[in-house]
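Q: here is the input, now give the coordinates:
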Amino acid sequence: MGQQAVDIFRACIPLFHALSDPARQDIILLLAEHESLSVNEIANHSNLSRPAISHHLKIMRDNHLVTIEQIGTQRNYSLSLEKSVDQLKELINIVESECIL
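A: Prediction:
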C-alpha cells in the first residue's frame with residue numbers, strides 16, 4: 001500500500017472516531033429528519049443531558065459533520081456532510097485502486 005493510502009486512512013481517523021459513537025449517530029439521524037435543531041430540541045429527543053449533547057455537537061462540528069446558525073440568542077445545528085462524504089469517497093477510491101486485486 002502506498003504512502004498516499006496510509007495518509008488518507010490516517011486523515012480519516014478523527015472522522016471515524018466522531019462517527020463511531022452511538023449518541024452522535026443518533027444526533028445525525030435526528031438532524032437528517034429536520035432542517036435544523038437547537039441543543040434543547042436535540043435534548044428533547046434524547047436521554048442525554050444538554051451538556052452531553054453540546055459536547056457531542058462540538059466533536060461533530062470539529063469534524064465538519066454539522067454547521068451552526070446563530071438566530072438571535074439561539075444556535076441551531078444542521079447536517080453538513082459534504083466534506084466528510086468527500087473524505088470517505090477519497091478513502092474508498094484509494095482502497096479500490098491500491099488494495100483490491
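
Q: can you give me the strands for the protein?
A: 37-38, 66-71, 74-79 (DSSP state E).

Q: now Ile94: closest residue in space that isn't a chain neighbour?
A: Ala5 (4.6 Å; Cβ to Cβ, 6 or more residues apart in numbering). Every residue, glycine included, has its C-beta placed from N, CA and C.

Q: returning to what we had before: dump the strands of the chain into TSV; add mean pLDDT as well.
A: Listed next are those as TSV, based on pLDDT from 0 to 100:
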stretch	mean pLDDT
strand 37-38	96
strand 66-71	94
strand 74-79	95
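
Q: reformat those strands as a markdown table; add mean neighbour count and distance to Leu88.
A: What follows is the strands of the chain, written out as a markdown table (neighbours: other Cβ atoms under 10 Å; distance: least, Cβ to Cβ, whole Å):
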| stretch | mean neighbour count | distance to Leu88 |
| --- | --- | --- |
| strand 37-38 | 18 | 24 |
| strand 66-71 | 13 | 16 |
| strand 74-79 | 17 | 15 |
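
Q: save these as a markdown table, and put in distance to Val85 too.
A: Formatted as a markdown table, these follow (distance: least, Cβ to Cβ, whole Å):
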| stretch | distance to Val85 |
| --- | --- |
| strand 37-38 | 21 |
| strand 66-71 | 14 |
| strand 74-79 | 11 |
